[in-house]
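Enquirer: sequence first, predicted coordinates after that:
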Amino acid sequence: MRTRVLVSGFIGSVIEWYDFYLFGIASAAVFNKLFFPGISSTAGTLASFATLAAGFIARPVGGIIWGHFGDRAGRKRMLVLSILLMGVSTVVVGLLPTFATIGIAAPILLVVMRLIQGVSAGGEWGGAVLMSMEHAPKRRGLSSSVAQMGLYGGILLANGVFALTSALTGDSFLSWGWRIPFLISAVLVVIGLWIRLGVEESPVFKEALEKARHAAAGTPKLPLVEVLRRPKNLLLSVFLVLGAFAASAVYGTWIVSYGITAGFPRADILNAVLVSAAIGLVFQPVFAYLSDLWGRRVVVGAGAVLQAISIPVMFALMAGGGAGEMYLGISLAAFAHAIVYSPLGAWLGELFPTTQRYTGASLGYQIAGTIGGGFTPLICASLLAGSGGGTGGISLFLGATCLLTVIAVFFARETSRSAL
């Protein structure tokens, strides 16, 4: 059963993040033309990234909803519902008429679907990570990293499918080819549901719930109220993840728009993001395992420093204009991200007691995702436009987010040896 739980966490996360990041890639490559025409290229890109940000804004709401029921009714049910909701909304995006067909209703419907995606994604990460670590409590960093590998797997799959369809010639890609990756989600969701329905509930959660029911208080208190009553760990969770989210939004999403504008062929920049996702997929379990041996603080702290350095190095390499330098720069950013991101699933979960864990870890993670992941592409596009094409402001912004992560590492307690 433990193996099936890990496979379920990975496959389910791949599907969720495939759907979520597919929207991000399309925002950078085609949505500005199809849903926001008639305005300047820069304004269209900003509007497209604002739509992307809407999904991140909805994620904390999803974290509260899924976390509440996940802490009171169980992790498994929420994971099944979240993947179903994400799949339906993604398929609908693939079926949406464009602005040329139904006018202003097209971008409005696009935003609505993105909000639904955000609510769904708000519960996926927490449920998948907690199920993995609560079924294998001895090596929680490594176990939780299997679910987190789904992030890279989703980016890899989304970019791979999008790269294949973007190779269509003529107007085929803009007229119908971009829809194919979204429609494929229907098949993936069926596979994910089949796997998740066969997984047992977390034994750690069942034990904690039974103890709470037999306690004098009767049933568990509202998880959100309990988390907010002692907000320190929630705030630490936000800042621990903030730098990693902001960096991944730059090298994994916004860089597509920047690379195309800088003159790199669309296929090359998408392939470079593919390579970066593969790097993250390979090194994620390595550094997660090292966090079990050395502790969470050492790995996350070192990774945050390297992440801050990697972004200006990436821009400097890309300024040379060569494809090799572009691949190297994005790959270095991805490698640094794997270091800082790998122990975070376990660390955030360990900061909260079992009957508050889904809510606390999800809410902290999703708030960081809203700030660091949702608004970073929009901020980067604005900074680039305001500086006349210079990337110094973007590097400073990323450095500031990573500094906040380092500060959080200093104040957060080491939990790798703590009992769940």
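Expert: In hand now; what should we look at? Nothing here was measured: the structure is a model prediction, and the numbers come from that model.
Enquirer: remind me which residues of the stretch 201-350 of the chain are low pLDDT?
Expert: Counting by pLDDT under 70, the stretch 201-350 of the chain contains low-confidence ranges at 212-220.
Enquirer: off-centre distance for the helix or strand where residue 267 lies?
Expert: Using DSSP states H and E, residue 267 falls within helix 266-294. The chain centre lies 14 Å from the centre of helix 266-294; the measure is CA atoms, centre = their mean, to the nearest Å.
Enquirer: show me what that helix is packed against.
Expert: helix 140-166, helix 255-261, helix 296-318, helix 323-341, helix 344-350 (3 or more CB pairs under 8 Å, 6 or more residues apart in numbering; DSSP states H and E). The C-beta positions use only the backbone N, C-alpha and C, and glycine is treated the same way.
Enquirer: that helix vs helix 296-318, what angle?
Expert: Orientation check (axes from the mean of the first three to the mean of the last three CA atoms, to 10 degrees): helix 266-294 against helix 296-318 gives 160 degrees.
Enquirer: buried sites along helix 266-294?
Expert: 266, 269-281, 283-285, 287-292 (16 or more other CB atoms under 10 Å).
Enquirer: what of stretch 235-244?
Expert: Buried, per 16+ other CB under 10 Å, within stretch 235-244: 236, 237, 238, 239, 240, 241, 242, 243, 244.
Enquirer: separation between the second one and residue 98?
Expert: Put plainly, it is residue 237. The spacing between residue 237 and residue 98, counted by CB to CB, to the nearest Å, is 39 Å.
Enquirer: equivalent analysis for the third one, please.
Expert: Here the distance between residue 238 and residue 98 works out to 37 Å (CB to CB).
Enquirer: again with the fifth one
Expert: Summarising the geometry, the distance separating residue 240 from residue 98, computed by CB to CB, is 40 Å.
Enquirer: what of the fourth one?
Expert: Counting by CB to CB, the gap from residue 239 to residue 98 is 40 Å.
Enquirer: just the ones of the buried residues of stretch 235-244 in helices?
Expert: 236, 237, 238, 239, 240, 241, 242, 243, 244 (DSSP state H).
Enquirer: the closest residue in space to the last one that isn't next to it in sequence: neighbour count?
Expert: It stands for residue 244. Distance criterion CB to CB, 6 or more residues apart in numbering; nearest residue to residue 244, sequence neighbours excluded, is residue 341 at 4.5 Å. Around residue 341 there are 29 other residues, counting by other CB atoms under 10 Å.
Enquirer: could you do residue 419 as well?
Expert: Neighbour tally, residue 419, other CB under 10 Å: 6.
Enquirer: what do you get for residue 397?
Expert: 17.
Enquirer: tell me the contacts of it?
Expert: Residues counted as contacts of residue 397 (CB atoms under 8 Å, 6 or more residues apart in numbering) are 246, 376, 379, 380, 383.
Enquirer: distance of the spatially closest residue to the last one that is not a sequence neighbour from residue 311?
Expert: Distance criterion CB to CB, 6+ apart; nearest residue to residue 383, sequence neighbours excluded, is residue 393 at 4.1 Å. Taken as CB to CB, the spacing of residue 393 relative to residue 311 amounts to 11 Å.
Enquirer: more neighbours: which of the two?
Expert: When neighbours are counted by other CB under 10 Å, residue 393 and residue 311 differ, and residue 311 comes out ahead with 26 against 15.
Enquirer: for the closest residue in space to that one that isn't next to it in sequence, what are phi and psi?
Expert: Of all residues not flanking residue 311 in the chain, residue 398 sits nearest, at 4.5 Å (CB to CB, 6+ apart). Main-chain dihedrals, residue 398, degrees, to the nearest 10: phi -70, psi -40.
Enquirer: now do residue 398 against residue 315, distance only.
Expert: 10 Å.
Enquirer: same deal with residue 412?
Expert: On the measure of CB to CB, residue 412 and residue 315 end up 30 Å apart.
Enquirer: residue 383 now?
Expert: Residue 383 is 12 Å from residue 315, by CB to CB.
Enquirer: mind checking which of these two has more residues around it?
Expert: Shown here are residue 383 and residue 315; by other CB under 10 Å, residue 315 has more neighbours (20 against 17).
Enquirer: go ahead and confirm the more buried one touches residue 396.
Expert: No - at 11.6 Å, residue 315 and residue 396 do not qualify as touching, with contact defined as CB atoms under 8 Å.
Enquirer: quick one, helices of the stretch 101-250 of the chain?
Expert: Using DSSP state H, counting those that start in this stretch, the helices of the stretch 101-250 of the chain run over 105-135, 140-166, 172, 179-183, 185-196, 203-214, 223-229, 232-249.
Enquirer: dump the ones you listed to TSV, plus distance to residue 7.
Expert: Shown next, in TSV, are the helices of the stretch 101-250 of the chain (distance: least, CB to CB, whole Å):
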stretch	distance to residue 7
helix 105-135	10
helix 140-166	8
helix 172	36
helix 179-183	23
helix 185-196	7
helix 203-214	18
helix 223-229	28
helix 232-249	24
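Enquirer: of all those, which one is nearest residue 71?
Expert: Evaluated over the helices of the stretch 101-250 of the chain, closeness to residue 71 peaks at helix 223-229, with 4.1 Å, by CB to CB.
Enquirer: buried set for that closest one?
Expert: Buried, per 16+ other CB under 10 Å, within helix 223-229: 223, 224, 226, 227.
Enquirer: please apply the same query to stretch 159-174.
Expert: Per 16+ other CB under 10 Å, stretch 159-174 contains these buried residues: 159, 160, 161, 162, 163, 165, 166, 173.
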